[in-house]
Every structure is written in structure tokens, then in C-alpha cells.
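[1] Quick one, structure for this:
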Amino acid sequence: MTEIQQNKPLISQLLDTWIQGEASETYALANYANAAAIIFQNVSAVNWAGFYLYHAETNTLALGPFLGKPATALIAPDKGVVGQSFTSQQTIVVPDVYAFPGHIVCDVDSNSEITIPITTASGQKLGVLDIDSTERNRFGKQEQADLENFVQALLQYVKLV
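    Below you'll find the predicted structure:
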């Protein structure tokens, strides 16, 4: 294992190993799907994990690969936690979704949420990683750092969407 790999969170290492093992580096949609599954299976107390992918021609975030209950198919930038994260280009951690103004309810069992924008180094906005939990206050600083690292690892495999 390289020194770089040793410094990566385990979840990012799982992503790299899985994608490279499948030789799917150029299959962006498949990699988004496996990334959602890796999160869903390896991050505790998660009831929804998936992606909203940006479509510039319609200025819309469209539901992408996910695991969990059915979700809102289209979100406008600035709407809900996902849209606000996309527009601000900031990770948003919501300890209690019912206290977040404008929260879009998809699963009434969700109580907390984290969203991480997916943006290339050149500034191309690709979408948002969205993760929900039934636990309040589920996502702390370490999960935020690990998931932001995960998105950076994922970026090398999804630029083609």
C-alpha cells in the first residue's frame, strides 16, 4: 500500500480498489452506482445514499444512482439541502432536517443529512453526493472529512458524465 493510500480514509480506499478491480475507470454512471453502494454498505446508520447530477441545459439536479427509498427526481439549484450545497459549493451538515428551512422530505424516517458538492478542479459542477440518516446529529467533522475525501477520490472516475 502506498503512503498516499495509507492516508486515505478506508471508504476512499474501498472505492479505488473496487473501481480499479472492475477496470471501470471510464464508466462514470457505473462508478456513481458503486460509490453509492459503498457508502450505503460501509457508513453506519445511513438510510439513503446517492447522487444528484447536474444538467446544465435544464439547470437541474437530476436523481442519479442511489440506494434507499424513492426520492425526488429533480431539484432546482438553491432548493433544499442538495440545491443549496450545489449553489454554495459547500458541504452542508444538517443535524436535524426538520429544523432546516426548505428541506425536501423524501423519507420521513430521515433525521439528519450531509451533502457534498462534486466539482472538478477546473470548476465544472457535476452534482452533489447526498446521504441521509435516521439518527439526529449523525454526521460529525470526521465523517465530513472522510466523505469529502471520498468525493475527491470519486472525481477521477466520473468526469465523463
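
[2] Make sure A49 is indeed in a helix.
    No: membership of A49 in a helix is not supported by DSSP: H, G, I helix; E, B strand; the rest coil, which gives strand.

[3] Check the spacing between it and L129 real quick.
    Separation of A49 from L129 (Cβ to Cβ, to the nearest Å) stands at 8 Å. C-beta here means a position set from N, CA and C on the backbone, and glycine is covered the same way.

[4] Spatially central residue in this structure, please.
    For the chain, the residue lying nearest the average C-alpha position, counting by Cα atoms, centre = their mean, turns out to be L129 (1.6 Å).

[5] which ones are touching it?
    By Cβ atoms under 8 Å, 6 or more residues apart in numbering, the contact list for L129 reads 35, 39, 49-51, 115-116, 118, 147, 150-151, 154.

[6] Quick check: closest non-adjacent residue to L63.
    Leaving aside its sequence neighbours, L63 sits nearest to A73 (Cβ to Cβ, 6 or more residues apart in numbering; 4.8 Å).

[7] Between A49 and L129, which contacts overlap?
    Shared contacts of A49 and L129, defined by Cβ under 8 Å, 6+ apart, comprise I39.

[8] Number of residues surrounding N111?
    The number of residues packed near N111 is 20, by other Cβ atoms under 10 Å.

[9] got it, and A56?
    As a burial measure, A56 scores 8 neighbours (other Cβ under 10 Å).

[10] cool, G127 as well?
    Neighbour count of G127, defined by other Cβ under 10 Å: 24.

[11] Could you find the closest non-adjacent residue to it?
    Once flanking residues are discounted, G127 sits nearest to L53: 4.1 Å by Cβ to Cβ, 6+ apart.

[12] which SS class is that neighbour?
    L53 ends up strand, using three-state DSSP.

[13] Ok, S122 next?
    Following three-state DSSP, S122 is assigned to coil.

[14] ok, now how distant is the residue nearest to L63 from Q90?
    The gap separating A73 from Q90 is 24 Å, by Cβ to Cβ.

[15] ditto for W48
    Distance of W48 to Q90, given as Cβ to Cβ: 20 Å.

[16] now swap in P77 and tell me
    P77 is 13 Å from Q90, by Cβ to Cβ.

[17] My guess is the residue nearest to G127 contacts A73. True?
    No: if you go by Cβ atoms under 8 Å, L53 and A73 don't touch, sitting 11.5 Å apart.

[18] I appreciate the help and will end here.
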